[in-house]
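*Asks:* Coordinates only, no sequence provided:
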């Protein structure tokens, strides 16, 4: 017989897996409120990025990624997570309410992805010069479709070059904005802080000062343009609409794609500048040809293993209902 303590420990383990999701600047903008068998996913807007993400679109996508992890962890534990998106019209901080019940029959198949939650990384280095096979690409496209999103690989030279030019334009626009540089610098933190973009403790003040004071958009843009053009796989994840619900859909689809990619030996990182800069998003949309672009990602086979980024503690992200 399971005890109350067992149930609480199980819930904390589900949340521990959920918080391993990716997020912009590693802000980890989520909170979980627990009441018996119900886990409420809430937006933690104290961790928003008002310059980089003024509408909290990426914040919501990140929370959708955490929701997918929660679903996978529950399924792997023999439970069926029943998800109600945006359940409280009076409280926009509540993004989802998840009821955890024993699975009737076989648990949801996505539980097979559990082991890759801890293996997934945002890989910012160069990939091996190895092509991603058509069958693997097709499986990633299908993974996004299963969650109600569209993964559009950019396969032609024209598409890749067009997207890459927009990445460089986005870099130039962002780095030219002192507010954006200050926001980025504020999230460059020593690893011991548990969040943000990790930088060595001794050099952190210098690195932050350089980012705040100098417009490096030209050099960064040229580098990112080359990275985009030469990535083994460049793809846009999009949705039919552009509402909060669509952003949550995009996050769940993104995480499912990332974990399936990891199972196939791939890692990913993001070139979201053409989506973050409002004037460039329609241009990327014209490259893709359909829907609303939510994520521009590069995928490939990593050269070496990367360390996990720091995480906030369970105590910081969990509330009792």
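*Replies:* Alright, I've got the coordinates. This one's a predicted model, so the numbers in the text were calculated from it and none came from an experiment. Numbering: from 1, shown residues only.

*Asks:* any idea of the pLDDT on the residue nearest the centre of the chain?
*Replies:* Most central in the chain under CA atoms, centre = their mean is residue 22, positioned 4.0 Å from the mean C-alpha point. Predicted confidence (pLDDT) at residue 22: the value is 98.

*Asks:* Please confirm that it is located within a strand.
*Replies:* No: with DSSP: H, G, I helix; E, B strand; the rest coil as the criterion, residue 22 is located in coil rather than a strand.

*Asks:* what are the ranges of the strands in the protein?
*Replies:* For the chain, the strands defined by DSSP state E occupy 30-35, 38-43, 79-85, 94-102, 150-153, 188-189, 197-198, 233-239, 267-270, 292-300, 318-320.

*Asks:* Which of those strands has the lowest mean pLDDT?
*Replies:* Among the strands of the chain, strand 318-320 carries the lowest mean pLDDT (a mean of 91).

*Asks:* re the thing from before, mean neighbour count added to the strands of the chain, as a markdown table?
*Replies:* Backbone N, C-alpha and C define where each C-beta goes, glycine included. A markdown table is the format used below for those (neighbours: other CB atoms under 10 Å):
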| stretch | mean neighbour count |
| --- | --- |
| strand 30-35 | 20 |
| strand 38-43 | 21 |
| strand 79-85 | 18 |
| strand 94-102 | 19 |
| strand 150-153 | 20 |
| strand 188-189 | 20 |
| strand 197-198 | 17 |
| strand 233-239 | 25 |
| strand 267-270 | 21 |
| strand 292-300 | 24 |
| strand 318-320 | 12 |
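
*Asks:* Relative to residue 127, which of those strands is closest?
*Replies:* strand 292-300 (2.8 Å; CB to CB).

*Asks:* List the strands paired with that closest one, with their directions.
*Replies:* Within its sheet, and counting by DSSP bridges, strand 292-300 is paired with strand 233-239 (antiparallel), strand 267-270 (antiparallel).

*Asks:* List of residues touching the first one?
*Replies:* The list of residues contacting strand 233-239 from outside it, by CB atoms under 8 Å, 6 or more residues apart in numbering, reads 132, 137, 140, 144, 148-154, 160, 163-164, 228, 246-247, 249-250, 253-254, 257, 266, 271, 284, 287-288, 290-300.

*Asks:* ok, 6 Å please
*Replies:* For strand 233-239, the surrounding residues in contact (CB atoms under 6 Å, 6 or more residues apart in numbering) are 132, 149-154, 160, 228, 246, 249-250, 254, 288, 291-299.

*Asks:* about what we covered before: residue 270 versus the residue nearest to the centre of the chain, what's the distance?
*Replies:* Distance, residue 22 to residue 270, using CB to CB, to the nearest Å: 8 Å.

*Asks:* Which residues are in contact with the nearest residue to residue 294 once chain neighbours are set aside?
*Replies:* Distances taken as CB to CB, 6 or more residues apart in numbering put residue 250 closest to residue 294, at 4.0 Å, once the chain neighbours are dropped. By CB under 6 Å, 6+ apart, residue 250 lies in contact with 61, 149, 239, 294.

*Asks:* what pLDDT does residue 250 get?
*Replies:* Reported pLDDT for residue 250: 98.

*Asks:* do residue 2 as well
*Replies:* On pLDDT, residue 2 comes in at 43.

*Asks:* Tell me how far the closest residue to residue 218 other than its chain neighbours lies from residue 215.
*Replies:* In space, and not counting its chain neighbours, residue 218 is closest to residue 172: 6.7 Å by CB to CB, 6+ apart. Counting by CB to CB, the gap from residue 172 to residue 215 is 9 Å.

*Asks:* Quick check: residue 317 vs residue 311, distance?
*Replies:* From residue 317 to residue 311 the distance is 9 Å (CB to CB).

*Asks:* repeat for residue 182
*Replies:* 25 Å.

*Asks:* so how many other residues sit close to the residue nearest to residue 218?
*Replies:* 17 (other CB atoms under 10 Å).

*Asks:* Report whether the expected contact of residue 262 with residue 121 is present.
*Replies:* No: Residue 262 is beyond contact range of residue 121, at 8.1 Å (criterion: CB atoms under 6 Å).
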